[in-house]
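Peer 1: 3D model of this:
(2 chains)
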Protein chains: 2
Amino acid sequence: MQATPPSATASLPRRVVVREMGLRDGLQSVATIVPTAAKIEWIRDAYAAGEREIEVGSFVPPRLLPQLADTAEVLAFAQTLPGLRATVLVPNLKGAQRALEARAEMMLVPLSASHAHSLANLRKTPDQVLAEIARMRAERDASGARTQIEVGLSTAFGCTIQGAVDPAEVVRLVQAVLDIGVDAVSLADTVGYADPAMVSRLFEQVLKVAGERLVAAHFHDTRGLGLANVYAALQLGIARFDACSAGIGGCPHAPGASGNVATEDLVYMLHSMGIATGLDFDRLLALRAKIVHWLAGEPTHGTIWKAGLPRTMKAMEAAHA
Amino acid sequence: MQATPPSATASLPRRVVVREMGLRDGLQSVATIVPTAAKIEWIRDAYAAGEREIEVGSFVPPRLLPQLADTAEVLAFAQTLPGLRATVLVPNLKGAQRALEARAEMMLVPLSASHAHSLANLRKTPDQVLAEIARMRAERDASGARTQIEVGLSTAFGCTIQGAVDPAEVVRLVQAVLDIGVDAVSLADTVGYADPAMVSRLFEQVLKVAGERLVAAHFHDTRGLGLANVYAALQLGIARFDACSAGIGGCPHAPGASGNVATEDLVYMLHSMGIATGLDFDRLLALRAKIVHWLAGEPTHGTIWKAGLPRTMKAMEAAHA
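Peer 2: Here you go, the predicted model:
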């Protein structure tokens, strides 16, 4: 046993934003095509549960991801809800142009830290993607749209194709996108390779170059470490986490494994720790049940829905209501 | 974003002991009676995988836990394996007498921090259990046996019957058993109520009174926070964790929920973080498959067996071999 580190919980944020990724990262990984009406019901229910940041889809060619072909329509609905920050993923300049036309509030651009993943996913090297991000920024500025650009560093903790990813390469790419002038960056463990020690080390390094422009963490629970990784990032003051209702999404290379960190599980952990999210847990569980119904036959995940809240927490939640 | 706490990973132990609880905490929670021959095969395989601390059963009346009726026989086998520390759970003085007769190397005595759980589980108040622990210690000293006594503070983070458990009561009970002169104490989240912030706070408080006599943490994964809680305890230098192969065990009040932290998942996290366990991951997975077979129809849990190790880790493990 060693002396107690005084800062284990000292830097924990008091409030965290949970960014729902189910409609994009979740649905892009399943075969089922969820009807637009159900997506709109999903967003309405998530909004009623208190969610204020939702990634509603991707501007990619419909032939590649027919599940997300209705992204423009879904985004248009989301934009009618006051105070909802609806984001879209854009993989290239063409997608960015569509996001700008739609006046999306934020577009998320994936940039693989793994050279091999970048080639497999976008048929471009990371440096070619950087060049495209620079063009996106120029178009954004020229368009007069107020769309923010966040670059998500995917495969930041390793890659199923390439294997290890050098943290120095992650830092280099973060510096490069900041130099381009994007508004924000986030780090993603796209394939579930991160552990809490890796999270501590990499976020610490990236915070040094990005500071407050490092706005979010995106963890998959593929190997069961999703929430442990969230805790490690919380300790560094990270206060925005991506998650998917019912833990959908994930990696085609790990069939049967868990997908993204489940929204309900993340919210349970945060509330238990006394960290506010503004979210209504019971409504999140009810939405989860609907999503499981819409995705009948697809794998869903998560833990807290099975066991239920602790008695102690029900009392705590009631006291807050 | 705040300044980086410098100690997030500074206090992590370099080596951790994983104490296998499947034969006791796991099997006591399932209806299946695993034959003695299978238990012996289990122990032999666990030993071959590198396990050196195994809780082999409980000295309780067979009518209460027929699954563990063969504990004396299983213990006798375990004692033939050089360097294996075989432990038994004893709920009362009679059980302790059997452990002393069997010359068990260590007996684990549960002491509920929850008054209500103590009454429901042992029909004694915590203070009545304290008095019995004092008698156990006296008998142990008089017997000349070298059996060590570890007291496991159960329901240390809350209780399904009572609800909240006051950390001050946990500290009081720890101090009382240390005053009695037991060799070691451990803290258990018996029903899966702990979160990483609670773990940090309670372990910090108990370390102040117990120091190096706080030897282990026992987490259940009932609500998905098991490994996050392990990480929080690791940061305080805790270097022994209880776990069950296949994540068996758990709480009868949460049917379908996960049980104890799964041995394989825990070992994966530790190895990924560069913390040595002395365990062979592939052998643990093979043993897990046997256990799932022996418990056909019973719920089993765990994550890493589905997804497999990261490519990066396979290389790392190979480099260590």
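Peer 1: quick one: is the helix or strand containing residue A:270 near chain B?
Peer 2: Counting by DSSP states H and E, the element that carries residue A:270 is helix A:263-272. Yes. Contact between helix A:263-272 and chain B, assessed by Cβ under 8 Å from any Cβ of the partner chain, occurs at A:265, A:268, A:269, A:272. (Glycine included, C-beta is placed from N, CA and C.)
Peer 1: what two of those are the furthest from one another?
Peer 2: The span of those, defined through Cβ to Cβ, is set by A:265 and A:272 at 10.6 Å.
Peer 1: Which strand or helix spans the residue of the stretch 101-250 of chain A found nearest chain B?
Peer 2: Proximity of the stretch 101-250 of chain A to chain B (Cβ to the nearest Cβ) peaks at residue A:224, 3.2 Å away. For residue A:224, there is no helix or strand it lies in under DSSP H and E.
Peer 1: Was I right to think it contacts residue B:267?
Peer 2: No. With contact defined as Cβ atoms under 8 Å, residue A:224 does not count as touching residue B:267 (11.5 Å).
Peer 1: Following the helix holding residue A:270 in sequence, what is the next regular element?
Peer 2: Downstream of helix A:263-272, the next assigned helix or strand under DSSP H and E is helix A:281-294.
Peer 1: is that following helix anywhere near chain B?
Peer 2: No. Helix A:281-294 does not reach chain B (Cβ under 8 Å from any Cβ); its nearest approach is 12.2 Å.
Peer 1: Just the residues contacting that helix, thanks.
Peer 2: A:22, A:32, A:34, A:38, A:41-42, A:45-46, A:48-50, A:245-246, A:248, A:263-264, A:267-268, A:271, A:300, A:302, A:305, A:309, A:317 (Cβ atoms under 8 Å, 6 or more residues apart in numbering or on different chains).
Peer 1: doesn't residue A:301 make contact with residue A:248?
Peer 2: Yes. The pair residue A:248 / residue A:301 is scored as a contact, 7.3 Å apart, by Cβ under 8 Å.
Peer 1: ok, these two, which is more surrounded?
Peer 2: The neighbour comparison of residue A:248 against residue A:301 (other Cβ atoms under 10 Å in any protein chain shown) goes to residue A:248, with 29 against 24.
Peer 1: any idea how far the more buried one lies from residue A:258?
Peer 2: 10 Å (Cβ to Cβ, to the nearest Å).
Peer 1: anything in contact with each of the two?
Peer 2: Common neighbours of residue A:248 and residue A:258 (Cβ under 8 Å, 6+ apart) are residue A:301.
Peer 1: give the contact list for the residue nearest to the spatial centre of chain A.
Peer 2: Nearest residue to the geometric centre of chain A (Cα atoms, centre = their mean): residue A:242, 3.1 Å. If you count contacts by Cβ under 8 Å, 6+ apart, residue A:242 has them with A:19, A:21, A:25, A:55, A:186, A:188, A:216, A:217, A:218, A:219, A:260, A:261.
Peer 1: Mind checking what secondary structure the nearest residue to it once chain neighbours are set aside has?
Peer 2: Leaving out its chain neighbours, the residue that sits closest to residue A:242 by Cβ to Cβ, 6 or more residues apart in numbering or on different chains is residue A:218, at 4.1 Å. Following DSSP: H, G, I helix; E, B strand; the rest coil, residue A:218 is assigned to strand.
Peer 1: sorry, back to before: doesn't the residue nearest to the centre of chain A lie inside a helix?
Peer 2: No. Per three-state DSSP, residue A:242 lies outside any helix segment and is strand.
Peer 1: Ramachandran coordinates for the nearest residue in space to residue A:213 that is not next to it in sequence?
Peer 2: The shortest distance from residue A:213 to any non-neighbouring residue, by Cβ to Cβ, 6+ apart, is to residue A:184 (5.5 Å). Here is the backbone geometry of residue A:184 (degrees, to the nearest 10): phi -160, psi 160.
Peer 1: shouldn't residue A:184 be in contact with residue A:240?
Peer 2: No. Residue A:184 is not in contact with residue A:240 according to Cβ under 8 Å; the separation is 9.4 Å.
Peer 1: what's the overlap in contacts for these two?
Peer 2: Common neighbours of residue A:184 and residue A:240 (Cβ under 8 Å, 6+ apart) are A:215, A:216.
Peer 1: Now do the helix ranked longest in chain A: which elements does it pack against?
Peer 2: Criterion DSSP state H: the longest helix present in chain A is helix A:126-143. Packing contacts for helix A:126-143, counted by 3 or more Cβ pairs under 8 Å, 6 or more residues apart in numbering or on different chains; DSSP states H and E, involve helix A:93-101, strand A:106-112, helix A:115-122, strand A:148-154, helix A:167-180.
Peer 1: Would you check how far apart residue A:196 and residue A:155 are?
Peer 2: 18 Å.
Peer 1: what does residue A:140 give?
Peer 2: In terms of Cβ to Cβ, residue A:140 sits 25 Å off from residue A:155.
Peer 1: so where is chain A shaky, pLDDT-wise?
Peer 2: A:1-7, A:251-255, A:315-321 (pLDDT under 70).
Peer 1: and the longest helix of chain A with helix A:115-122, angle?
Peer 2: Angle of helix A:126-143 versus helix A:115-122, following axes from the mean of the first three to the mean of the last three Cα atoms, to 10 degrees, is 50 degrees.
Peer 1: Make CSV from the contacts of residue A:242 and add neighbour count to it.
Peer 2: Below are the contacts of residue A:242 laid out as CSV (neighbours: other Cβ atoms under 10 Å in any protein chain shown):
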residue, neighbour count
A:19, 23
A:21, 29
A:25, 25
A:55, 24
A:186, 26
A:188, 25
A:216, 21
A:217, 27
A:218, 25
A:219, 27
A:260, 31
A:261, 32
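Peer 1: Now render these as JSON lines, adding distance to residue B:290.
Peer 2: What follows is the contacts of residue A:242, written out as JSON lines (distance: Cβ to Cβ, whole Å):
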{"residue": "A:19", "distance to residue B:290": "42"}
{"residue": "A:21", "distance to residue B:290": "38"}
{"residue": "A:25", "distance to residue B:290": "36"}
{"residue": "A:55", "distance to residue B:290": "43"}
{"residue": "A:186", "distance to residue B:290": "42"}
{"residue": "A:188", "distance to residue B:290": "37"}
{"residue": "A:216", "distance to residue B:290": "42"}
{"residue": "A:217", "distance to residue B:290": "38"}
{"residue": "A:218", "distance to residue B:290": "37"}
{"residue": "A:219", "distance to residue B:290": "32"}
{"residue": "A:260", "distance to residue B:290": "32"}
{"residue": "A:261", "distance to residue B:290": "31"}
